[in-house]
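Q: the sequence isn't on hand, but the structure is:
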């Protein structure tokens, strides 16, 4: 399994938000912001994509025009841009985890990501949260230990693990 992606001295970003080449929804970006897992340099491009998708507003247009190098400027403008897109910044870490885990589950169940990617994202979020209880309150939180079940003598087969992940994703979206 791939290791979690890390960023330099500005902090670790362990949740990839979306697979390469995809644009997250404004709600997913709001969750990433609350969970302090936002790859800020990518946000202006996403804002430009949101404009193309039909979202509108002055703050959103301004955000889309930024380079992403000034992370403070992006972070300062993001709440207003999200409001332009009709999204309020989540007020709780619990709501942010729900959104993040729902997003991961949806991507997997739609066949857009492999089960290993889904597990890696859950592991990254749990690790970034310092193993806080809130990271385990959703069904997808149970995937935290699946990466320990790879390639050991006690391991389940990859097909069995894929089914564990699929079932956790189904349960996540039922909740």
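A: Okay, I see it. Owing to the predicted nature of the structure, the values given are computational and were not obtained by experimental measurement. Numbers count the residues shown, from 1 in each chain.
Q: can you list the low-confidence ranges for the protein?
A: 1-14, 147, 149-152 (pLDDT under 70).
Q: from the centre of it, give me the residue that's furthest out.
A: residue 153 (31.5 Å; Cα atoms, centre = their mean).
Q: how about the secondary structure of that residue?
A: Under the three-state scheme (DSSP: H, G, I helix; E, B strand; the rest coil), residue 153 adopts coil.
Q: helix, strand or coil for residue 116?
A: Residue 116 is classified as helix under three-state DSSP.
Q: and it, how many neighbours?
A: Residue 116 has 18 neighbours, counted by other Cβ atoms under 10 Å. For the C-beta atoms, the positions are set from N, CA and C on the backbone; glycine is no exception.
Q: over to the residue lying closest to residue 55 once chain neighbours are set aside: give its phi and psi.
A: Using Cβ to Cβ, 6 or more residues apart in numbering and skipping the chain neighbours, the partner closest in space to residue 55 is residue 85 (4.4 Å). Per-residue torsions, residue 85: phi -90, psi 0 (degrees, to the nearest 10).
Q: hmm, residue 85 is touching residue 63, no?
A: No. Counting by Cβ atoms under 8 Å, residue 85 sits too far from residue 63 to count as a contact (9.9 Å).
Q: the more surrounded of those two?
A: Neighbours were counted for residue 85 and for residue 63 using other Cβ under 10 Å; residue 63 has more, 27 against 22.
Q: secondary structure element for that one?
A: Secondary structure from DSSP states H and E places residue 63 in helix 58-64.
Q: do residue 125 as well
A: Using DSSP H and E, residue 125 falls in helix 115-128.
Q: just checking, what packs against that helix?
A: Counting contacts by 3 or more Cβ pairs under 8 Å, 6 or more residues apart in numbering; DSSP states H and E, helix 115-128 packs against helix 93-109, helix 158-174.
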